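[1] Pasting the sequence and the predicted model now:
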Amino acid sequence: MNRDAALKYQAYLDGELPERQARQVAEALAQDPEAQALVTELRATKQALKGNEPEIALPESREFYWTRIQREIQRLEAQPVERGSDGWLAVLAGWRRYLAPMAGVAVIAFLAVAMLRTTPNPIVDQHLAEIENLSEHTTSFSFRSDNMFVVWVQETGSEVADSEADFISNDDSLLQ
């Protein structure tokens with residue numbers, strides 16, 4: 001059963017439908033066992049609620065309370081509104097809707113700057129070093145690991161070969 005049909009059966013049970021629609025719903029109700037079950041359940045619920053509702057009797061009439069409420073509203077509207085008695089607290093309360101979001105943005109900006117300063121930057125942390133080699137007879141290699149920076153300087157191959165040849169020739173002259 002769809003929701004609209006259930007609402008129509010409830011309106012029928014509460015007596016809220018015009019006579020023509022009430023007759024149509026009564027005819028449909030006689031033919032539909034699911035609708036009959038729903039109406040039976042709605043009647044039982046209505047009786048349970050009606051029997052358990054506390055009734056509070058007021059000493060005065062309903063109109064008396066409404067007229068009192070209306071007079072109090074009119075009295076409060078007629079009173080002049082006093083401004084400025086709160087001083088700077090009232091001004092601060094007005095600015096609070098602007099200051100709270102601005103404070104949040106300031107905190108986020110501060111945290112972003114703090115994170116940029118504390119996080120390692122791979123380009124800056126590489127400690128790029130340019131080593132200038134003025135000698136044609138040596139080469140250099142640099143290496144950085146954690147807290148250590150190593151520069152390896154080595155003689156070039158042709159000079160090493162010449163120096164070994166000189167050493168061998170000097171050694172031969174000693175032997176002779």
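    Everything's here; your move.
[2] only C-alpha atoms for contact and neighbour calcs from this point on.
    OK.
[3] Can you give me the buried ones in the longest helix anywhere in the chain?
    Secondary structure of the chain per DSSP state H: the longest helix is helix 88-118. By 16 or more other C-alpha atoms under 10 Å, helix 88-118 has no buried positions at all.
[4] Show me what it packs onto, helices and strands only.
    Applying 3 or more C-alpha pairs under 8 Å, 6 or more residues apart in numbering; DSSP states H and E, one finds that helix 88-118 contacts no other helix or strand.
[5] residue boundaries of the helices in this protein?
    So, for the chain - with DSSP H - the helices run 3-14, 19-31, 33-52, 62-78, 88-118, 122-125, 157-175.
[6] what mean pLDDT does the last one have?
    Same thing as helix 157-175. Across helix 157-175, pLDDT averages out at 52.
[7] how about low-confidence regions in this structure?
    81-87, 119-131, 158-176 (pLDDT under 70).
[8] tell me the domain boundaries of it?
    Per the record's domain assignment (automatic domain parsing), the chain is made up of the domains 1-79, 91-120, 122-176.
[9] and stretch 133-152, C-alpha only, in PDB?
    C-alpha atoms of stretch 133-152 as PDB (Å, rounded to 0.1, in the frame of the first residue of the first chain):
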ATOM      1  CA  ASN A 133      89.300  21.500  -9.800                       C
ATOM      2  CA  LEU A 134      92.200  23.700 -11.000                       C
ATOM      3  CA  SER A 135      94.500  20.800 -11.800                       C
ATOM      4  CA  GLU A 136      94.400  19.000 -15.100                       C
ATOM      5  CA  HIS A 137      95.800  15.900 -13.400                       C
ATOM      6  CA  THR A 138      93.200  15.300 -10.800                       C
ATOM      7  CA  THR A 139      89.400  14.600 -10.700                       C
ATOM      8  CA  SER A 140      87.000  14.900  -7.800                       C
ATOM      9  CA  PHE A 141      83.800  13.300  -6.700                       C
ATOM     10  CA  SER A 142      81.500  14.500  -4.000                       C
ATOM     11  CA  PHE A 143      79.000  12.500  -1.900                       C
ATOM     12  CA  ARG A 144      76.600  13.500   0.800                       C
ATOM     13  CA  SER A 145      75.000  11.000   3.300                       C
ATOM     14  CA  ASP A 146      73.000  12.200   6.300                       C
ATOM     15  CA  ASN A 147      75.400  14.400   8.300                       C
ATOM     16  CA  MET A 148      78.600  13.600   6.300                       C
ATOM     17  CA  PHE A 149      79.900  15.200   3.200                       C
ATOM     18  CA  VAL A 150      82.800  13.400   1.400                       C
ATOM     19  CA  VAL A 151      85.000  14.700  -1.400                       C
ATOM     20  CA  TRP A 152      87.100  12.200  -3.200                       C
END
